[in-house]
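Sequence plus the predicted model coming up.
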Amino acid sequence: MADQAASHDVDALKQRVCEAVDALSETLLHVSHEIHANPELSFEEHDACALLVSTLEQAGLAVEPGAYGLETAFAANFGHGDTGCVALVAEYDALPEIGHACGHNIIATASVGAGLALQTLGASLPGRVRLLGTPAEERGGGKELMARQGAFEGVDAAMMIHPAGVNLVDMPSIAVAEVDAVYTGVAAHASAMPERGRNALDGLVLAYQSLGALRQHIRPTERIHGIITNGGQAPNIVPERASGRFYVRARNAKDLDPLKERVASCFQAGAAATGTSVELHWSPVDYEAIRFNEPLAHAFQQNAESLGREFIPLDALPSRFAGSTDMGNVSQRVPSIHPMIASAPPHCTIHNAEFAVHAGAPIGDAAALDGAKALAMTAIDFLCDDDLRQRTRSIFERGAE
């Protein structure tokens, strides 16, 4: 890095944090395995949060549980100086049925491991660190809710890693909105008096088919997909109530709003066709696309490569390869990175039961420890290097124009 602060031996600091992660590896992998073995859904991560808080407190950090208005969030601040503040972001919620098939146990372990390693630098740490436990990434938007309460105020850069089948400097992302559609009809005996019924399931199914037709006429950067969460009680009862949950995705927040209107029209059409009514409950949090910060991401890549990680160029990915994360919302507020770290074989995709197996296996363990080291080293780069901080801020501000 150019123009490193003369008072800090950056290479020596990096070596110290890597050695600290190695020394902490038994503790860190215990944390990862415990979270992996006890998956908890969004806003229900009580055991994971308690374990992480306890681990940090045992290392001597002062931790605020229930931080920024969320019961299963936490925050810890340490360090001093005016070179900047880096936020390390931890996630630890799981998916229904398939547990940690997104590897959030690895995310939590890497960020907490990086924080604990940086803490060992003591007075040699050239800046400040805010370690944030952020629940409800899979649904609910914990980071956005915490951000509204000031979680990222005073933060100069935010960073985390995310498991994948390959190493990527960034996660290609798009914006997403969630909606629950609840149809209400009139129950009746489906054989004896069907004419008295108004079929809520029919309303939902017609809307589902309408959305299928709509998908033929949206941009390649847009997605619509969902499930039926309630289809009725018994075959011989005309369903009085039916519901579904759907995700609507677009390239960015600007494109998302008009697509949401088109989706809403499909739901209303299903109700009109069946004589039922529908209520649409949109999530209070839309996830925004990640604003890529090349200087900070490049620093991370160099640090990860020093650990033996090899990266795939982003332009080698399929054009439709994209996901969504509430880290996108953070990246709209402060310079951020969200690189992907290989935690499974390349053929294995996230949100798949096979991926959950790897997230608790040696390949996932290696990703957690390498992720902790790379994050800690990148934090050191940012806090020590005036030029990197300026370029990181410049790219961020340019993207806001």
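Here it is on my side, so go on.

how does the protein divide up, domain by domain?
Residue ranges for the domains of the chain, per automatic domain parsing: 10-173+290-399, 177-282.

surely Gly60 meets Gln119?
Yes: between Gly60 and Gln119 there is a contact under C-beta atoms under 8 Å: 7.4 Å. C-beta coordinates here come from the backbone N, C-alpha and C atoms, glycine included.

quick one: which of those two has more around it?
Using other C-beta atoms under 10 Å, the more surrounded residue of Gly60 and Gln119 is Gln119, with 21 against 10.

which SS class is the closest residue to that one other than its chain neighbours?
Nearest residue to Gln119, sequence neighbours excluded (C-beta to C-beta, 6 or more residues apart in numbering): Phe78, at 5.7 Å. For Phe78, the assignment made with DSSP: H, G, I helix; E, B strand; the rest coil gives strand.

Just give the number of residues close to Phe78.
When neighbours are counted by other C-beta under 10 Å, Phe78 comes out with 18.

Enumerate the beta-bridge partners assigned to it.
Applying DSSP bridges to Phe78 gives these bridge partners: Val129.

For it, list the residues it contacts.
Phe78 is in contact with 61-62, 118-119, 125, 128-129, counting by C-beta atoms under 8 Å, 6 or more residues apart in numbering.

now Met340
Met340 touches 161-164, 166-168, 170-171, counting by C-beta under 8 Å, 6+ apart.

out of these, which is most surrounded?
Ile161 (32 neighbours).

Find the centremost residue of this structure, please.
In the chain, the centroid-proximal residue (C-alpha atoms, centre = their mean) is Thr325; its distance is 4.1 Å.

thought that residue was touching His338?
Yes: in this structure Thr325 lies within contact range of His338 using C-beta under 8 Å: 6.6 Å.

tally of neighbours for Asp47?
Asp47, neighbours per other C-beta under 10 Å, totals 15.

Can you show me the strands along the stretch 101-250 of the chain?
Using DSSP state E, counting those that start in this stretch, the strands of the stretch 101-250 of the chain run over 128-133, 157-159, 162-164, 175-184, 223-230, 241-250.

Pull out the buried residues from the second one.
Applying a neighbour-count criterion of 16 or more other C-beta atoms under 10 Å, one finds 157-159 buried in strand 157-159.

Farthest pair within the contacts of Met340?
Pro163 and Asp170 (14.4 Å; C-beta to C-beta).

so where's the chain shaky on pLDDT?
1-8, 400-401 (pLDDT under 70).

how much space between the residue lying farthest from the centre of it and Arg198?
The C-alpha centroid of the chain is most remote from Ala192, which lies 50.2 Å away (C-alpha atoms, centre = their mean). According to C-beta to C-beta, to the nearest Å, Ala192 and Arg198 sit 16 Å apart.

before we move on, what about Gly140?
33 Å.

ok, now Ala75?
Relative to Arg198, and taking C-beta to C-beta, Ala75 is found at 50 Å.
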